Structure formats: C-alpha cells, structure tokens
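Engineer: What follows is a protein structure lacking sequence information:
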DNA sequence: GAATTAATTGAACGTTCGTTTTATTAGTGT
DNA sequence: ACACTAATAAAACGAACGTTCAATTAATTC
C-alpha cells in the first residue's frame, strides 16, 4: 500500500508531536521506539521520517518549542510594575500555571536533556538560564529595595524554581486541590521564603498567612 | 581465556555497583548498555550476570539500597526531642547531607523509576512514602503546637522535599558555596517557609535571618 | 484527464541490545 | 598434588533498534 485516504501532512505531524510528548514523558526518550510512536499515531515507522529527520531532531524540536513557549508566556505575563512583590507573584503564578498546563512537556524538557547533542543541549540550557535570570533579577531588586530578605540570590532562585516545578510530580487536576488553591499556597510559601514584607493585591487563599507577609 | 589473576567476586561486585550508579546517572538506565558497564569495570559483559541476574535487577538493587540508606540515616539522625523546630532542622540537615553525599545514586532513584516493574516500583514508592510521612508528621505536630503556620501539610511537605532534593542539580562540592553554607541557607529558607516562630540552637549562617525565625 | 506532487507502506539494512552457553583458568581446601 | 569451586572470557542467540529505499496510491494542479 501507499498513501492512505484522508491523509494530511499537517495533521499527521501534529499527531506525532502530541504522541511523542506523551510517550516520552511516560516511557522516557531512550525507551520509546520509533515503531511504538508510529503505532500510537496509527502509521508506519518510516512515515515519521517525513517530518523529523532523526529521533533526536524530534526530541530537540519538542524541547525547544517548550522552552520558547515558557519564555513567551512570561514575556506576556510580566507586569509593568516595578514592585518586586508584584513581579515575584506574577512569576510564580505564570510558572505554576504553565507547568501544570504542560506537565508532560515539562517532564520531557527536564528529564531528557542528556539525550541531546552537546550543541543542542547548550541551546536549551541557554533558554533555561535566561528564564531563571528573570527570577534572580526580581529577587535582587527586591532585596536591594528592602522588600525581601535573602541570603543568596542564586541559591534562593534555584530553590524556588525546584519547589515550584515539583508541582508537576504530584499534582493531578481534579483531585484534592484545585489549581487556584495550589497556586495560592505556593504564592504564600514563596513570599514567606523570601521574607517579603510588603503586601500586594492578590486575593488570599484558605485563611492563614505568614507573619512576615500579608497576601 | 577465563578467570583472571587476582580476580575477586566481592571486589568485582562492588566495582559493578559503583560504575553502574555513575553510568546510569550520567547516561540514563536505558542508554547504558551492559557492555559499556562491563568495560568500565574492566570485565566482559557476561561476567556481570554472575552478580545480577538481569539489568533490571541491578537497577532495583541500587535503588532499594539507596532508599534503605536514606531511611536508616534518618533513623540515626532523628532527635529524641519533641520540639518540632529541632526535629524539622534535623530532617533538613540529614536530607541535604545525605543527598549531596550521594548525588549520583539520588539521581538514579529519582529519574529511573519508570524502568522498574510494577511490583518493584511499588516497593520503592512505599519506602519513599514512609520517608515523606516523617516530614508530614513533623509539620503537623509543629502546626498543632503553634510552632509553624502551614496552609496544607501534604503540599508543604512536597514543596520542601522538592526544594531540598533539587540541591543535587546545581550543587558541586568545592565551588562557590560549601556544604555548610548551603545547609544553613536551606535551613533558613525552610524555617521561614513553614512560618516557624520558635528558635532553636543551631548556629547562624552568613548573617541575615528571617523576621519570623531566629536561627 | 493527464501530469505532478504529497503521503505513506512494506521490506530491508546493518548495528546493537540483553542474555545464555560453554570452555577455561585462578584460587582453595585437603 | 589433586579435586573442587569461583570467576571469568569468548562466542553466539534471537530480538529489537534507528534508519533508508523503492514502490504505490491519494490529492492537487493545469
């Protein structure tokens, strides 16, 4: 046989991407075979090579677009305000919303870095560093303005990002906690962690707030 | 050829474990071949099967012993005191010390869970859950005693563990920060995050402390 | 409706994988 | 010195891997 009725390149490529993200997140990049991916899409393995020249190209494309999406989301969400507390809150809210929305893709981007070539790894890490730098800048500005009390800006940024990203490990939509509740809790924890002393306008979560922070 | 001069089963097995942890951490379980592992040990691939019946058995052994080590370390480090702040501090110190000391093994235990059979995965997760429960208990006790201010015990425990474990991603011994400095910073961040209000005896880190906590 | 292009199949290629089998040598107990 | 066991090498197994190629059909263009 050959071309099948109703076949459409764009649709197939989209299906491949979607299935790949899900399969790689579940099995891991090395454990997923091209034949497995093809079967998930409902196509023969050879057909995949019309859209991605190699398996690694497919992985890299998924990762690059994920990171670009993250940077774009922050670009769109970043507030005009110079108030560090507001900026930090926006960063936390955007980070959690984005990562919960794209749990599988985040998993792939965080776990499969070692399967990239050196050059492509560098490219992805550059984007990641740029994103983290945004947080460090907010923390430094806040510390200098006296709004935060922070030991070490770099260390605090890493701690916060790992804490927030970790949400994708245990959070399942529709379970005990809603996205809004989780976000509110993480916001509250973040503000305490950085010793925020200035309040901002976001609504309060379940009731308790910190001593040092009024949310 | 066959048995080589000076060959010793115990030494070979230890060398296999060590090399396996390092290789799996660097390449991933699926990407590491038994031949590669054998070459690292300086032996033929077939020799590995004298010590581990299958590749998955090897992985499972490494993981199980890592988790047992973690639980034992906490058992030994857990303070007799009932003071939640002291107990939380001990948990944080033990967690960071253990994970930095065994960065590679931690990486393996966190990243390669999906390569285990269902039954073995359950076994590892049971140990992990037991360890996390220790933290939840401390947090709940502290909250009930009024020593902590916590929104959600489970969520806070996950956030703390992910924050602390994340240290292995960026920490490199002998770089900018010492283990003691990192531990002190994480202790400080932890205490603020849980809204600790009671001080305890541990020495202060670099200078700044929180508003809510005096360390 | 013929020519062209797009999408896919089915079969095959060489390589590598985890694992098994058999043979051979080093060490150990007597 | 001799039997026995422990530790390995060497070779081979079938299966699965990523990828390529030629053939074939569906859709599109003119």
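Structural biologist: Everything's here; your move. All of these numbers come straight from a predicted model, not from anything done at the bench. Residues are numbered from 1 along each chain as shown, chains lettered A, B, ... in the order given.
Engineer: Kindly provide the whole-number mean pLDDT of stretch A:85-93.
Structural biologist: Regarding stretch A:85-93, the rounded mean pLDDT is 97.
Engineer: Find out how far that stretch is from the centre of the chain, if you would.
Structural biologist: How far stretch A:85-93 lies from its chain's middle: 15 Å, per CA atoms, centre = their mean, to the nearest Å.
Engineer: is any part of it close to chain B?
Structural biologist: No: against chain B, stretch A:85-93 shows no contacts by CB under 8 Å from any CB of the partner chain, the least distance being 11.8 Å. Every C-beta, even on glycine, is put in place using the N, C-alpha and C of the backbone.
Engineer: How is chain A partitioned into domains?
Structural biologist: According to automatic domain parsing, chain A comprises the domains A:7-52, A:56-215.
Engineer: and the helix or strand hosting residue A:154 with helix B:153-165, angle?
Structural biologist: Assigned by DSSP states H and E, residue A:154 belongs to helix A:153-165. If you take axes from the mean of the first three to the mean of the last three CA atoms, to 10 degrees, helix A:153-165 sits at 140 degrees to helix B:153-165.
Engineer: Contacts for helix A:153-165 next, please.
Structural biologist: A:92, A:95-96, A:99, A:106, A:110, A:132, A:135-136, A:139-140, A:143, A:150, A:186, A:189-190, A:193-194, B:159-160, B:162-163, B:165-166, B:169-170, B:177, B:182, B:185-186, B:189 (CB atoms under 8 Å, 6 or more residues apart in numbering or on different chains).
Engineer: The same query, at a cut-off of 7 Å, please.
Structural biologist: A:92, A:95-96, A:99, A:106, A:132, A:135-136, A:139-140, A:143, A:150, A:186, A:190, A:193-194, B:159, B:162-163, B:166, B:169-170, B:177, B:182, B:185-186, B:189 (CB atoms under 7 Å, 6 or more residues apart in numbering or on different chains).
Engineer: what are the phi and psi angles of the residue lying closest to residue A:55 once chain neighbours are set aside?
Structural biologist: Nearest non-adjacent residue to residue A:55, counting by CB to CB, 6 or more residues apart in numbering or on different chains: residue A:34, 6.1 Å away. Dihedral pair for residue A:34: phi -60, psi -30, per degrees, to the nearest 10.
Engineer: OK, contacts around residue A:34?
Structural biologist: Per CB under 7 Å, 6+ apart, neighbours of residue A:34: A:45, A:48, A:55.
Engineer: Quick one: residues contacting whichever residue of chain A sits closest to DNA strand D.
Structural biologist: Among the residues of chain A, residue A:2 lies closest to DNA strand D, at 2.0 Å counting by CB to the nearest atom of the strand. Shown in contact with residue A:2 (CB under 7 Å, 6+ apart): no residues.
Engineer: Please, which helix or strand holds it?
Structural biologist: Counting by DSSP H and E, residue A:2 is found in no helix or strand.
Engineer: now chain A, which segments are flagged as low pLDDT?
Structural biologist: Residue ranges of chain A with pLDDT under 70: A:1, A:6-7, A:198-215.
Engineer: sorry, back to before: CSV for the domains of chain A, including distance to DNA strand D?
Structural biologist: Shown next, in CSV, are these (distance: least, CB to the nearest atom of the strand, whole Å):
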stretch, distance to DNA strand D
domain A:7-52, 3
domain A:56-215, 6
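Engineer: can I get those in TSV with distance to residue B:70?
Structural biologist: Shown next, in TSV, are the domains of chain A (distance: least, CB to CB, whole Å):
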stretch	distance to residue B:70
domain A:7-52	23
domain A:56-215	17
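Engineer: nearest to residue B:116, of those?
Structural biologist: Evaluated with CB to CB, the domains of chain A place domain A:7-52 nearest to residue B:116, the distance being 12.0 Å.
Engineer: Mind checking if the longest helix anywhere in chain A is in reach of chain B?
Structural biologist: Criterion DSSP state H: the longest helix present in chain A is helix A:118-144. No: if you take CB under 7 Å from any CB of the partner chain as the test, helix A:118-144 misses chain B, and the best it gets is 9.3 Å.
Engineer: Give the closest residue to residue A:110 in space, chain neighbours not counted.
Structural biologist: Spatially, and ignoring its direct neighbours in sequence, residue A:110 is nearest to residue A:165 (7.1 Å; CB to CB, 6+ apart).
Engineer: Stretch A:24-37 spans what distance, first to last residue?
Structural biologist: 9 Å (CA to CA, to the nearest Å).
Engineer: touching DNA strand C at all, that stretch?
Structural biologist: No: Stretch A:24-37 does not reach DNA strand C (CB under 7 Å from any atom of the strand); its nearest approach is 8.5 Å.
Engineer: Give me the three-state assignment for residue A:12.
Structural biologist: helix (DSSP: H, G, I helix; E, B strand; the rest coil).
Engineer: Sort out which residues of the longest helix of chain A are buried, please.
Structural biologist: A:120, A:123-124, A:127-128, A:131, A:134-136, A:138-143 (16 or more other CB atoms under 10 Å in any protein chain shown).
Engineer: Give the helix, strand or coil label for the residue nearest to residue A:146 when sequence neighbours are not counted.
Structural biologist: Closest residue to residue A:146 apart from its sequence neighbours, by CB to CB, 6+ apart: residue A:197 at 7.5 Å. Of the three states, residue A:197 takes coil according to three-state DSSP.
Engineer: Residue A:197 and residue A:147 touch, don't they?
Structural biologist: Yes: using CB atoms under 7 Å, residue A:197 is in contact with residue A:147, at 6.2 Å.
Engineer: Between these two, point out the one with more neighbours.
Structural biologist: Just comparing residue A:197 and residue A:147: by other CB atoms under 10 Å in any protein chain shown the higher neighbour count belongs to residue A:147, 20 against 16.
Engineer: Write the ChimeraX selection for whichever of the contacts of helix A:153-165 are buried.
Structural biologist: Command for ChimeraX, covering only those of the contacts of helix A:153-165 found buried under the criterion 16+ other CB under 10 Å:
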select /A:92,95,96,99,106,135,136,139,140,143,150,186,190,193,194 /B:159,162,163,166,170,177,182,185,186,189
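Engineer: Can you give me the distance of the residue in chain A positioned nearest to DNA strand C to residue A:43?
Structural biologist: In chain A, the residue that lies nearest DNA strand C is residue A:9 (2.3 Å; CB to the nearest atom of the strand). Separation of residue A:9 from residue A:43 (CB to CB, to the nearest Å) stands at 12 Å.
Engineer: Likewise for residue A:30?
Structural biologist: 22 Å.
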